[in-house]
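Novice: This is a predicted model, with the sequence first.
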Amino acid sequence: MVNTADGEVVSAGVNLVLSSGLSAAHAEVVALSLAQLRVGTWDLGAQDAADRELVVNWRPCAQCYGATMWSGVRRLVRFFTVVLAAIAVTMFLKAAGVLA
């Protein structure tokens, strides 16, 4: 979870399903929960709250997507998709001779 204005990392989550024995302890849910504890409210997108986004490395499952929506987070950023797009554009531009 990142504050978009200054890039501050509010929280980070990892998948704890196996180590905790909790089926809902996906990385996104862990990150959201830690952010909610840190800022002191469940509503991470409240009107007077900082603008925050959840950055994930892949597509969230249905549970994590729902948790993100209910948390009030204003944006969900799929980092891996952005990286793949950048790689594809770079490869295209190299193939077209635009990039060396």
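Specialist: Perfect, I can see it now.
Novice: All the strands of the chain, in order from the start?
Specialist: With DSSP state E as the criterion, the chain has strands at 2-3, 52-56, 75-78.
Novice: by contact count, what packs against the shortest one?
Specialist: The one in question is strand 2-3. If you count contacts as 3 or more CB pairs under 8 Å, 6 or more residues apart in numbering; DSSP states H and E, strand 2-3 packs onto strand 52-56. Using the backbone N, CA and C atoms, a C-beta is placed for each residue, glycine as well.
Novice: just how off-centre is the strand it packs on within its chain?
Specialist: Put simply, strand 52-56 sits 3 Å off its chain's centre (CA atoms, centre = their mean, to the nearest Å).
Novice: so where's the chain shaky on pLDDT?
Specialist: Across the chain, the ranges flagged by pLDDT under 70 are 82.
Novice: most centrally placed residue in it?
Specialist: Centroid-nearest residue in the chain, with CA atoms, centre = their mean: Val55, separated by 2.1 Å.
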